[in-house]
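Enquirer: fold the following and give me the result.
(chains A, B and C)
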Amino acid sequence: MKKLCVVLDEREVQDNPFQPDMWRIVRRYPLTSDVNFYQARPVDVDEALKMNYLPGQFIMLSIPGEGEAPFCISSTPSRPGLLEFCIRKMGTLTSSLFDLKENQTVGIRGPYGNSFPIDKMEGKDIMIVAGGMGVAPLRSLLLYILDNRDRFGKVTYLHGAKNPGEMLFREEFFQLKERDDLNCLLTVDKDDTGKWTERTGLITTLFKELGPIDSKNTYAAVCGPPIMYKFVMENLVKLGIPKHQILMTLERRMKCGVGKCGHCAIEYLYTCIDGPVFTYWDVLHMKELIGRGVSDKVIA
Amino acid sequence: MTKSSPKIGVYGFTGCAGDQLMILNCEDQIVDLFGATEIRSFVMAKSDNHEGELDVALVEGSISTEEQLKHLKEIRERSKILIAIGTCACWGGPQAMKLGDGKYEDRYKKVYGNAKITISKAFEAQPLDAFVKVDMKIPGCPIDKQEFLKSVSKLVAGKHPYLLKSPVCLECKWKENRCILLDGKFCAGPLTKGGCGAVCPSHNLPCVGCWGPTDDLNVSAEYNLLKEKGYDPEEIITKIRKFGGSGVVELVKDLEKKGAKK
Amino acid sequence: MMILKMKKEDLPAFLESAKQWGELWGPTTKEEQTAYSKVDGLSQMDLKATRTMIPPKKFLYPPRFTMFDFDEEGFVERTGDVPKRILFGLHPCDIHGILIMDKLFLETYKDPYYAERREKTLLLGHSCIPDDKCMCFATNTDFVAEGFDLFFTDLKMFYLVWVGSSRGHDLVRMRADLFSRNLDKNDILNYTEYRKWKTAQFKAKIDLTGMPDIFELGYNSPVWDELAEKCLSCGQCSMVCPTCNCYNVVDEVELGTVEGTRDRFWDSCMFREYSVVAGGHNFRDKRADRLRLWYTHKLQAFIGEFGKPACVGCGRCVSTCPVDINVATVSKALKEQEVGK
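Expert: The predicted structure is shown next:
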């Protein structure tokens, strides 16, 4: 069967890895009160199909005069030509990006990072656990898997948000729920609308609904706020999923994206070139990573 | 250019007006500055001033009277962005070096005795952010021309200014100066926000800390080091407080709690 | 490797001819402070100085430079304005430092700015006189076998000159008359004697064996907190370290326009701002965490990655840190679980 995307090694490597290319914002709409969704395509249309990436990789986004920062890719390479990303209004660059209008241009370079190990995940059952903004990189993986559905086993998607209004891509997931080749479970910590038809409670409550899983044959991908990792990891390990098959994607400050500037170092690893996807086994060796509480629970 | 020129107002309170003077002293760029912006009010520079809505208010000096306070609040209300310029506006300046010691009344009496002051009730000088929201601080005594112009350029272009947060030592090393502390001299470089180009150490003069505290200063480390070098504890604290103002009040208190002699 | 012999008195003539290739830079000393400066010839250089305060990384990777010019249309790379330079008087540790920088900047995603400067710089090493701060014997960087174009070992009357590259050989050929290929028994004896002499010069007491494990064991050690109480967070250690490569990037705008430059400048992981992400969360808010990162990176992480420490034993942190936090004191404190006075 033909793969829908080209692997990283085959893409042309630019002479200057720091050189941003200009991309045009072709679509922008709000996902929540403080998160916007963007679609971009290269100003030079011929470049559009040259952007090959894998789920889990990230790009460096620049606004000339404002600066540059890493953002994960939310779109899937199986739908080429466009890049999609989500931006939460937080710092100075993100608030400038937040104010970008459709048809404006931004600098983009990449893709960078190691991506989810798609080759190893093929043929396996997949469990995706997303909390809050964590859906941004995991949407890429989910859509990629759904576009190549026959290459994966059972697919489970768990998604938690604070409240219905804060759930990113809410409508999209309600549609995906209708598919019978995907077990999609959604929950909110608190329903402040009175109209929420899905589960209520922390994301860990969804684990009780999973039923039997073929744990040794399962890859789990997790992304969410630090507090979520603590409880989700405990549950995944309890389910018997091997630690090297639990994948996490991490966020760090970056100035280069290519292993030069040093900012994203975590002990002996660089998030930008050794990550941003790490296995839980990797993480257990990085004491600095997400607080010591995480590893203590499992080791003890 | 698509954007209309931002409306700017420049104001001064308790201070030496040196920061406003530095703006006027931007010889090569002053024409560009007045061209790229609409200077609505700048009492020190011109007579034709209009007090209305502002995109950016640049405010120098600390606040030390009721009248100033009223004026500051009024400026804040009609300004989208308020920027403190100079160490007095950012941290209080040398007039705030005794901030928080609770002895303002005594000092006031010592200077003015029982004289009746009729203009406006005075109080201990404090930085702007003690009273109103300050969007950005450009410290300096006076401010650095380049840092100021870079910030204004970004504001005019609708971008966020970037100021170095690291201490004076960063640029001091770029200039290949030998660390003055090694020779046992009192250098406040590690405590002080950089961006000045390490001017004083580059002339073999210790940093006196005139840009105010840096992002992450370790006051007790500097104190212990200088004490070890033979400095009098009281002198060390006085020097740390000289330009530190509101930025070091709590740090010095902690230091004294830990047993440093006042 | 080709090793030639040159009379010591011929060095000025050799350097004079080498200047045809590019600007000549060497160590100069002013008010007891040594720095690499542009020189006319040997007479201005101080070859006896043990170390410059700022390592030669400043030539390959300047403290601040412009990467791109930009306007609304996009970014245009700024390269090409780098002069050709000959650096004379680099010590083995300096060259080892550059070899580490090469790994960081030239492998996987080649940095074009570093690559251009590296390409336009010739490295001419010179043997050194170790002082009590030199630790290169503990990092296995007291001698160097690669990375230089030429290396001059001072054997009193003569230089033995290692020719490390084709370009180095080109310099030799410009004054082939000054070099001889005829090495005899005495040269070998003199060189052996020199190595013995150099090895005997080291006074520092430092042993870095087992550091990766000691760092792993000492991750939660209170030693880090004690060191953090002393640390001024001034970042001088990063500026003077020949293997500190971290940088920050900032866009500057021309007044009244949307044009500007994207600039890159030396940064330090000792600064609080270093690990702050959008929204203000700091992954290393505590000073102790930042100190640990710095030293872990030098003495543990790099060994895991490249099989050698990212410390070349040059002693710059020892001679620079005002509160005596350096590779020697930190490794000792961690081993002995006590911060020395």
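
Enquirer: give me the neighbour count for C:G256.
Expert: Other residues within reach of C:G256, judged by other Cβ atoms under 10 Å in any protein chain shown, total 18. Any C-beta I mention is one placed from the backbone N, CA and C, and that applies to glycine too.

Enquirer: got phi/psi on the closest residue to it other than its chain neighbours?
Expert: Nearest residue to C:G256, sequence neighbours excluded (Cβ to Cβ, 6 or more residues apart in numbering or on different chains): B:A36, at 3.4 Å. Backbone torsions for B:A36, taken as degrees, to the nearest 10, come to phi -80, psi -20.

Enquirer: hey, what's residue 84 bridged with?
Expert: All of this refers to chain A. Using DSSP bridges, the bridge partners assigned to A:E84 are A:Q39.

Enquirer: other chain: chain B
Expert: Here B:A84 sits in beta bridges with B:V59, B:K137, as judged by DSSP bridges.

Enquirer: what ranges do the helices span in chain A?
Expert: A:92-98, A:118-121, A:135-147, A:170-176, A:226-238, A:280-284, A:292-299 (DSSP state H).

Enquirer: outside of the third one, which residues touch it?
Expert: Helix A:135-147 is contacted by residues A:4-5, A:54-56, A:58, A:72-79, A:85-86, A:116, A:118, A:126, A:128, A:130, A:152, A:155, A:157, A:159, A:168-169, A:176, A:179, A:181-182, A:221, A:223, A:249, A:276 when judged by Cβ atoms under 8 Å, 6 or more residues apart in numbering or on different chains.

Enquirer: drop anything exposed from those residues.
Expert: By neighbour count, with 16 or more other Cβ atoms under 10 Å in any protein chain shown, the contacts of helix A:135-147 hold A:5, A:54-56, A:58, A:72-78, A:85-86, A:116, A:118, A:126, A:128, A:130, A:152, A:155, A:157, A:159, A:168-169, A:176, A:182, A:221, A:223, A:249, A:276 as buried.

Enquirer: in strands, which of those fall?
Expert: A:58, A:72, A:85-86, A:126, A:128, A:130, A:155, A:157, A:159, A:221, A:223, A:249 (DSSP state E).

Enquirer: please identify which of those is nearest to C:F151.
Expert: Checking those against C:F151 with Cβ to Cβ, the nearest one is A:F58 at 42.7 Å.

Enquirer: wait, isn't the closest one in contact with A:C72?
Expert: Yes - when contacts are counted by Cβ atoms under 8 Å, A:F58 is listed as touching A:C72 (4.7 Å).

Enquirer: need the residues touching each of these two.
Expert: A:P137, A:P276.

Enquirer: now do the strands in chain C.
Expert: Counting by DSSP E, the strands of chain C are C:2-7, C:23-30, C:33-38, C:64-71, C:74-77, C:85-90, C:121-126, C:150-155, C:158-163, C:179-180, C:247-253, C:260-266.

Enquirer: save these as CSV, and put in distance to chain A and mean pLDDT too.
Expert: Compiled in CSV, the strands of chain C are given as follows (distance: least, Cβ to the nearest Cβ, whole Å; pLDDT from 0 to 100):
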stretch, distance to chain A, mean pLDDT
strand C:2-7, 33, 95
strand C:23-30, 25, 96
strand C:33-38, 23, 94
strand C:64-71, 4, 96
strand C:74-77, 4, 94
strand C:85-90, 22, 97
strand C:121-126, 19, 97
strand C:150-155, 28, 96
strand C:158-163, 30, 96
strand C:179-180, 38, 94
strand C:247-253, 5, 95
strand C:260-266, 5, 96
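
Enquirer: using TSV, please lay out the ones you listed together with mean neighbour count.
Expert: TSV is the format used below for the strands of chain C (neighbours: other Cβ atoms under 10 Å in any protein chain shown):
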stretch	mean neighbour count
strand C:2-7	16
strand C:23-30	19
strand C:33-38	18
strand C:64-71	18
strand C:74-77	17
strand C:85-90	24
strand C:121-126	23
strand C:150-155	22
strand C:158-163	22
strand C:179-180	16
strand C:247-253	22
strand C:260-266	22
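
Enquirer: circling back to that earlier point, now, which of the buried ones among the contacts of helix A:135-147 lie close to chain B?
Expert: Among the buried ones among the contacts of helix A:135-147, proximity to chain B is found for none (Cβ under 8 Å from any Cβ of the partner chain).

Enquirer: and the chain, what are its domains?
Expert: By default, I'm working from chain A. Domain assignment for chain A, taken from automatic domain parsing, gives A:8-112, A:118-299.

Enquirer: wait, chain C was what I had in mind.
Expert: C:2-60+C:79-201, C:211-336.

Enquirer: which of these has the lowest mean pLDDT?
Expert: Among the domains of chain C, domain C:211-336 carries the lowest mean pLDDT, at a mean of 91.

Enquirer: mind listing what A:G134 touches?
Expert: Taking Cβ under 8 Å, 6+ apart, one finds A:V222, A:C223, A:G224, A:P225, A:M228 in contact with A:G134.

Enquirer: wait, isn't C:V312 in contact with C:T139?
Expert: Yes - with contact defined as Cβ under 8 Å, C:V312 reaches C:T139; the gap is 5.7 Å.

Enquirer: what's the closest non-adjacent residue to whichever residue of chain B sits closest to chain A?
Expert: Taking Cβ to the nearest Cβ, chain A has its nearest neighbour within chain B at B:H160, 3.8 Å off. What sits nearest to B:H160 in space, not counting adjacent residues and going by Cβ to Cβ, 6+ apart, is A:T92, at 3.8 Å.
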